[in-house]
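A.B. asks: this one's structure only:
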């Protein structure tokens, strides 16, 4: 329910963003085989919406969910066709995007009556063949290539003494398609293991986990998707995986990146989000005037191995034993990563303090050097003054030096004896002041000045 509400809000925001109320906006119909609660559909829808948002294209979206997991008979498809005929009789679509095989089947079956002449972009197609298009030239899209063999091969290397490969798929058209694709790989012959399809036991969802548990000691499980049991009971892939894990300890491998967070160990996984985004980009090209025959069918391949850290830890699988350049999700943060911000903050403070200390030391050293120069200069000056004073004192006649104000700044002993005063009583005074203290005639002092 939360996912459906989230999609509604997301679509409303996007429709507003893309200017759905303007006359220039073009009409885009998106038909999904399943409901939005189906994780693969959710990823595709996000990719489609993100592509239009990224390119800032002005469109009106109509999004439909066939929900074929619940309804498997042809009567249901016929009723859908009648409903859409009435619903869209006044709407002209500029391009249609469909996801998964059932939606493509539905469009091609009702092409003339419902969608005649409208370009179609498909994505999420399993086991693509030209016959799926029924000769339709006004269609292109994105098909997926699954890493079935690579996933099983990597699983067998990570788990020893495996004798059985269990495969879980439902009886929908897509489920049957998965079985055909897996049978085509001849995994039993390639790896010398027994291939067991759980759908052969014709069980409902309540009995599937106990059946899988019977094989858990020497088996691995390849999960394609399982969302509808024999009684047409609807269940999400997430719930199916959860039930299996609660009942059994069997290692579960998958084919889609979307299942990684649900508890599968991993595999060579394909991205449905990328497919949705590429389908959106192809639709945008058509809206911009590109001819559909100039847009070739694109194949999305699984380009990297991806694993869930929690499951690796559970089955004691070392990262070193994984295929080269594997991506590990849910990897717990190391102690460094947890406190790296604090560490770098402390390092920054520490380095700042060191810089401040170095600058202060530099200032202190410079100050000491300046003080030393001042001290040395002072000593030299005092030595020079003492030298001059000795020369003046040794002069045989009266000798004195006056400043601009007429004050005696230097005098010899002959000069001070003449006034019968100590030298320190003479220096710093004018001759008039000196004569006044010595009781000599001031007129003589004036003549001396």
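C.D. replies: Here it is on my side, so go on. In this text, all values refer to a predicted model and were calculated from it rather than measured experimentally. Numbers count the residues shown, from 1 in each chain.
A.B. asks: okay, now the domains of this protein?
C.D. replies: 2-144, 148-269+304-332, 395-448 (automatic domain parsing).
A.B. asks: and of these, who's closest to residue 286?
C.D. replies: Of all these, it is domain 2-144 that lies closest to residue 286, at 5.0 Å by C-beta to C-beta. Every C-beta, even on glycine, is put in place using the N, C-alpha and C of the backbone.
A.B. asks: and the closest one, average pLDDT?
C.D. replies: What domain 2-144 shows for mean pLDDT is 84.
A.B. asks: ok now it, how far from the chain's centre?
C.D. replies: Chain-centre distance of domain 2-144: 29 Å, with C-alpha atoms, centre = their mean, to the nearest Å.
A.B. asks: Is residue 220 in contact with residue 168, as I believe?
C.D. replies: No: judged on C-beta atoms under 8 Å, residue 220 makes no contact with residue 168 at a distance of 11.4 Å.
A.B. asks: Dihedrals phi and psi, residue 59?
C.D. replies: Per-residue torsions, residue 59: phi -140, psi 160 (degrees, to the nearest 10).
A.B. asks: scratch that, residue 54 is what I was asking about
C.D. replies: According to degrees, to the nearest 10, residue 54 has phi -60, psi -40.
A.B. asks: and if you look at the one 3 residues further on?
C.D. replies: Residue 57 has phi and psi values of phi -90, psi 140 when expressed as degrees, to the nearest 10.
A.B. asks: Next: the one 3 residues further on.
C.D. replies: Note on residue 60: its backbone torsions stand at phi -100, psi 120 [degrees, to the nearest 10].
A.B. asks: Also residue 137?
C.D. replies: phi -90, psi -10.
A.B. asks: list the contacts for it?
C.D. replies: Residues near residue 137 by C-beta atoms under 8 Å, 6 or more residues apart in numbering: 292, 293.
A.B. asks: how far away is it from residue 292?
C.D. replies: Residue 137 sits 8 Å away from residue 292, going by C-beta to C-beta, to the nearest Å.
A.B. asks: Could I get the average pLDDT for stretch 160-168?
C.D. replies: Stretch 160-168 carries an average pLDDT of 95.
A.B. asks: next one: stretch 171-186
C.D. replies: Across stretch 171-186, the average pLDDT comes to 88.
A.B. asks: Ok, stretch 237-248 next?
C.D. replies: Mean predicted confidence for stretch 237-248 is 92.
A.B. asks: buried residues in that stretch?
C.D. replies: Within stretch 237-248, the residues scored as buried using 16 or more other C-beta atoms under 10 Å are 237, 238, 240, 241, 243, 244, 245, 248.
A.B. asks: Residue 91 is in contact with residue 62, correct?
C.D. replies: Yes: look at residue 62 against residue 91 with C-beta under 8 Å: they come within range, at 7.2 Å.
A.B. asks: shared neighbours of the two, which are they?
C.D. replies: residue 27.
A.B. asks: Among those two, which residue is more densely surrounded?
C.D. replies: For residue 62 versus residue 91, the count of surrounding residues by other C-beta atoms under 10 Å is larger for residue 62: 18 against 10.
A.B. asks: What sits closest to the more buried one if chain neighbours are left out?
C.D. replies: Spatial nearest neighbour of residue 62, chain neighbours left out: residue 29 (4.8 Å); criterion: C-beta to C-beta, 6 or more residues apart in numbering.
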